[in-house]
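Student: This is the structure alone, sequence omitted:
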């Protein structure tokens, strides 16, 4: 098993497999924000976190039948945790790429 496959298997223990697609989406969004130079570098993870939560919320609401306040709370919890985990994973991937291309 390759290290990349091990990492994806590990990630799928925490992030719903159908939301793993958010990681490259957020990575690309972060790269775009970095190039635009209209955002401070330290604000990019926060923006990615908000985007991750919003996208995860869209998925959760689109795939769930909410029949009561408990379902709504569970949907909100799932969206926030999954969005933050996906944003964190995208920032982690960014750091892996930086470290791999860094010459010492």
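Tutor: Yep, it's here. Just so it is clear, the structure is predicted and the values come from calculations on it, not from any experiment.

Student: Next secondary structure element downstream of the helix or strand that contains residue 23?
Tutor: Applying DSSP states H and E as the criterion places residue 23 in helix 22-36. Downstream of helix 22-36, the next assigned helix or strand under DSSP H and E is helix 44-63.

Student: got the buried residues for that next one?
Tutor: 44, 45, 48, 49, 51, 52, 53, 55, 56, 57, 59, 60 (16 or more other Cβ atoms under 10 Å). For every residue, glycine as well, the C-beta is placed using N, CA and C.

Student: what's the helix holding residue 23 packed up against?
Tutor: Packing partners of helix 22-36 (3 or more Cβ pairs under 8 Å, 6 or more residues apart in numbering; DSSP states H and E): helix 44-63, helix 69-101.

Student: Any chance of TSV for the ones you listed, columns distance to residue 12 and mean pLDDT?
Tutor: Below are those laid out as TSV (distance: least, Cβ to Cβ, whole Å; pLDDT from 0 to 100):
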stretch	distance to residue 12	mean pLDDT
helix 44-63	15	96
helix 69-101	11	92
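
Student: residues touching the most centrally placed residue in the chain, list them.
Tutor: In the chain, the residue lying closest to the centroid (Cα atoms, centre = their mean) is residue 86, at 1.9 Å. By Cβ atoms under 8 Å, 6 or more residues apart in numbering, the contact set of residue 86 is 15, 19, 20, 22, 23, 26, 52, 55, 56.

Student: follow-up on the earlier one: dump the buried residues of helix 44-63 into CSV; add distance to residue 95 as well.
Tutor: Putting the buried residues of helix 44-63 into CSV (distance: Cβ to Cβ, whole Å) gives the following:
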residue, distance to residue 95
44, 12
45, 11
48, 13
49, 15
51, 18
52, 16
53, 21
55, 21
56, 22
57, 26
59, 25
60, 27
